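# Quick one: sequence plus predicted model below, questions after.
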Amino acid sequence: MQWAHPAKPFCPAFYFWNQGFEMQKSQAGLFQSIVYQILRSVPDIIPLVCPERLHHERWEVEDLRRTLREILKLPQNSLSVRFCFFIDGLDEYGGDEEDLIKVLSFFGDTPNVKLCVSSRPRPFLDKIYQHRRQTLVIHEFTKEDMRTHVRQGLEMNERFRGLQQAFPYECNDLLTQIADRAQGVWLWVYLVTHDLVHAVNRSEDIYSLQKILNKFPGHLEAYFEHIIQQIKSAFREEMAQIFLITTEEVQPLPLFAFTLLEQEAKDPTYAISAPISPISNSDVEEIHRSWKERTQNRCGDLLVVSDGEHPTFLLHPVDFLHRTVRDFLRDCYYEKLLKEAPLNFRPLVSLCRMMLFLLKSLPVVEVWDSASATRLIQIVDELLYYAYETEKRIEPGSDCSPVTDILDEVDRVNIHNTQAIDNHWTHMRDSPSTRGYDEYREGGNCNFLALAVQTRLVKYVKTKLDEDPRQMKKAGRPLLDYALRPRRITPISMPYHSQREETSIDVAMVQLLLEWGANPNQQVHLNDSQTVWVLFLLSCYETTRRKEASAALRAAWYNVSEMLISHGAELSPRIANARAGSRKTPLTVLKMLQAVFGEKQAGQLKTQMEEIEAARPRASWMKSIWRLGSPEGLLRLG
């Protein structure tokens, strides 16, 4: 290619896939794939862009972004290639649209780099690209391909070939109309062709085929609703349950999970009372045969039962025909499904029960085998997500979690399944990696209540503290530290907030722990005896420094800072090993507040701390002497 001369063109590519694993639909997957492709193709630049990364270790998103930035900044004489990035399926990205815009800007703002992206129509993308000369509307170029595809699909049918011989003009016109009406939507082409083949196999004539095409809904949403209306009334209650569950699930469930709805109908406590009894693929194969047909009877062609293994456990993952089906059910049909479901049916609670039953059905857990341990953690994390969403959606004013018994049983089951390890089973999870000043040290003292705090199960935690207030005190990291720094490594994608309002910290959880006597100035000996308050600020500072702090996150931090200050957080605590800037000047609380919130808000928080400090009773003479003996006190005397 002339634009690359004299260098060679290199075209790293990535395709977002919403129904795939986390790395197939995230920024981390995009950057990791592209960095890998580049370094594998041009290994000579590895010492230049990531010399400290020669050994196997986990890469965070910011590490990947920084490495790619270094690659793109290399002078042309250091590179034998120039890059053209191909990124497909932008509509399949699993995060916020605003984040995707930043990603595209990251590539597009780099000189000497070309970028080719593709997506289904999306308003936010239209704003960016619709006025650019290089923008192509693909369906304007695919009509002939679609016509060929439909012709090949229908001509494979012997009866249709007979119709072609009798009605050549009409059949050719039928093929042309399908391509014209599709508007570039291949799924629409597939669905209408499927219906036409179905009719041909039942000896319908060309005029009947034309009627089918004329009546076929012009938009997919209308077609989906048409399919739902065809479900027999005897199956509609179960149809509603299955669709409600599939719209809420984190990932496609194995077919076996849907058989548990029958057990739930007979006994809502079935998962709690079930024994710990491993099952295998062969144990459920016979059930799969019958339930594959039953699922089709209840959901039409809108759900597809795949062959092969489920990514986590058992066989036959059940997924939507296309992601647009889920969008339609969730955005346009959810309330109608609720009306058709059994009274008081709660899909998220049902999902919690399913996950608990699957947890009890796991093969014997080999705690030292990473695949076995990861499988357990995947199921637990999925259950915890559903539990969080359940708490989030219960009626205001209710202090009780409807899944407390299920969560208690999760802890009991996993304690039983992991007797081979000395620490609590929650230590099977990898600890978050250190990020500059932001360090995470468990000290072997994590427990299920601490995990519940990280997961932001406020109502569950309140229930457990009401039952036994002594649980507020634990060795290692205090519960308040888990609430203020809730980072944890999850082996599966967790959207956390159904409306994508993630702030990674729950203000209500912090408030709850403070009401139970949590001390912001409690020292954490695992972290050089720094206080919980300081560790929180260091985490905020590090996240801000890495440009990972959203407006929502800063707002939550500020709210929490006010709460911690009102409960005694100090202005001048000791900050160990924290230096910033070219001169390595020591960090202080005020400097971190200014870096995170800006001068104005930092000044407001400082004033709040000084006012609270001034209102406190005078310290004892012993404490005064200690202060005078400190470096700070000696400076005051001088």
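The structure has been received and is ready for your questions. Predicted model only: the values in this text are computed from it and were never measured.
# where does the stretch 101-250 of the chain dip in pLDDT?
Scanning the stretch 101-250 of the chain for pLDDT under 70 picks out 129-133.
# Just the residues contacting the longest strand seen in the chain, thanks.
Ordering each strand of the chain by length in residues (DSSP state E) puts strand 81-88 first. For strand 81-88, contacts defined as C-beta atoms under 8 Å, 6 or more residues apart in numbering pick out 1, 3-4, 7-16, 30, 34, 38, 41-42, 72, 76, 104, 107, 112-118. (Each C-beta comes from the backbone N, C-alpha and C, glycine too.)
# Are any of the residues you listed buried, and if so which?
Buried subset of these (neighbour count, 16 or more other C-beta atoms under 10 Å): 4, 7, 10, 12, 14-16, 30, 34, 38, 42, 72, 104, 107, 114-115, 117.
# Can you flag which of these belong to strands?
Judged by DSSP E, the subset of the buried ones among the contacts of strand 81-88 located in strands is 10, 14-15, 114-115, 117.
# Closest one of these to residue 59?
Using C-beta to C-beta, residue 14 comes nearest to residue 59 of these, at 15.7 Å.
# from what I can see residue 538 touches residue 434, true?
No: using C-beta atoms under 8 Å, residue 538 is not in contact with residue 434, being 11.2 Å away.
# for the chain, where's the lowest mean pLDDT among helices and strands?
Taking mean pLDDT, DSSP states H and E as the measure, the chain has helix 631-637 as its least confident helix or strand, at a mean of 37.
# per-domain residue ranges of the protein.
With automatic domain parsing as the criterion, the domains of the chain are listed as 2-136, 143-216, 493-610.
# Quick check: which of these is buried the most?
Across these, averaging neighbours per residue (mean count of other C-beta atoms under 10 Å) puts domain 493-610 on top, at a mean of 17.
# Which of the ones in strands among the buried ones among the contacts of strand 81-88 lies at the shortest distance from residue 201?
residue 15 (34.8 Å).
# That closest one pairs with what?
Applying DSSP bridges to residue 15 gives these bridge partners: residue 88.
# Tell me the pLDDT of it.
On the pLDDT scale, residue 15 is placed at 91.
# Would you map the strands across the protein?
8-10, 13-15, 81-88, 113-117, 253-254, 303-305, 317-320, 523-524, 530-531, 579-580, 585-586.
# Next, format those strands as JSON lines and append distance to residue 51.
Listed next are those as JSON lines, based on distance: least, C-beta to C-beta, whole Å:
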{"stretch": "strand 8-10", "distance to residue 51": "22"}
{"stretch": "strand 13-15", "distance to residue 51": "25"}
{"stretch": "strand 81-88", "distance to residue 51": "20"}
{"stretch": "strand 113-117", "distance to residue 51": "23"}
{"stretch": "strand 253-254", "distance to residue 51": "44"}
{"stretch": "strand 303-305", "distance to residue 51": "47"}
{"stretch": "strand 317-320", "distance to residue 51": "42"}
{"stretch": "strand 523-524", "distance to residue 51": "33"}
{"stretch": "strand 530-531", "distance to residue 51": "31"}
{"stretch": "strand 579-580", "distance to residue 51": "23"}
{"stretch": "strand 585-586", "distance to residue 51": "27"}
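# right, so of the ones you listed, which gets closest to residue 355?
For those, proximity to residue 355 was assessed by C-beta to C-beta; strand 253-254 is nearest, at 9.4 Å.
# The closest one pairs with which strands, and in what direction?
Sheet pairing of strand 253-254 (DSSP bridges) gives strand 317-320 (antiparallel).
# Contacts for the strand it pairs with, please.
19, 246, 251-255, 258, 295, 302-306, 308, 310-311, 326.
# For it, what does the pLDDT average out to?
The average of the pLDDT scores along strand 317-320 is 93.
# Equivalent analysis for stretch 563-572, please.
What stretch 563-572 shows for mean pLDDT is 95.
# chain center to that stretch, what's the gap?
Remark: stretch 563-572 is offset 33 Å from the chain centroid, using C-alpha atoms, centre = their mean, to the nearest Å.
# swap in stretch 587-602?
On C-alpha atoms, centre = their mean, the centre of stretch 587-602 falls 31 Å from that of its chain.
# what does that stretch contact?
Taking C-beta under 8 Å, 6+ apart as the rule, stretch 587-602 contacts 437, 534, 537-538, 540-541, 544-545, 549, 554, 557-558, 561, 570-573, 575, 578-580, 605-606.
# The stretch 51-200 of the chain: helices as residue ranges?
For the stretch 51-200 of the chain, helices defined by DSSP state H, counting those that start in this stretch occupy the ranges 61-73, 97-108, 123-129, 143-155, 158-166, 168-181, 186-200.
# Which of those sits closest to residue 396?
Closest approach to residue 396 among the helices of the stretch 51-200 of the chain is made by helix 97-108 (29.2 Å; C-beta to C-beta).
# Give me the angle between the closest one and helix 61-73.
Angle, helix 97-108 to helix 61-73, by axes from the mean of the first three to the mean of the last three C-alpha atoms, to 10 degrees: 30 degrees.
# ok and helix 97-108 relative to strand 113-117, angle-wise?
140 degrees.
# Counting by contacts, list what helix 97-108 packs against.
With contacts taken as 3 or more C-beta pairs under 8 Å, 6 or more residues apart in numbering; DSSP states H and E, helix 97-108 sits against helix 27-41, strand 81-88, strand 113-117, helix 123-129.
# and residue 566, which of these is closest to it?
Minimum separation from residue 566 across the helices and strands packed on helix 97-108 (C-beta to C-beta) falls at helix 27-41, 36.5 Å.
# So which residues make contact with the closest one?
Applying C-beta under 8 Å, 6+ apart, the set of residues contacting helix 27-41 is 10, 12-14, 16, 22-23, 45-46, 49-50, 59, 61, 64-65, 67-68, 71, 81, 83, 85, 87, 95, 99, 103.
# Return the residues in contact with residue 128.
101, 104.
# Let me know the distance separating it from residue 100.
Distance check for residue 128 against residue 100: by C-beta to C-beta, to the nearest Å, it reads 10 Å.
# repeat for residue 526
Taken as C-beta to C-beta, the span from residue 526 to residue 100 is 38 Å.
# got it, and residue 289?
For residue 289 relative to residue 100 (C-beta to C-beta), the value is 42 Å.
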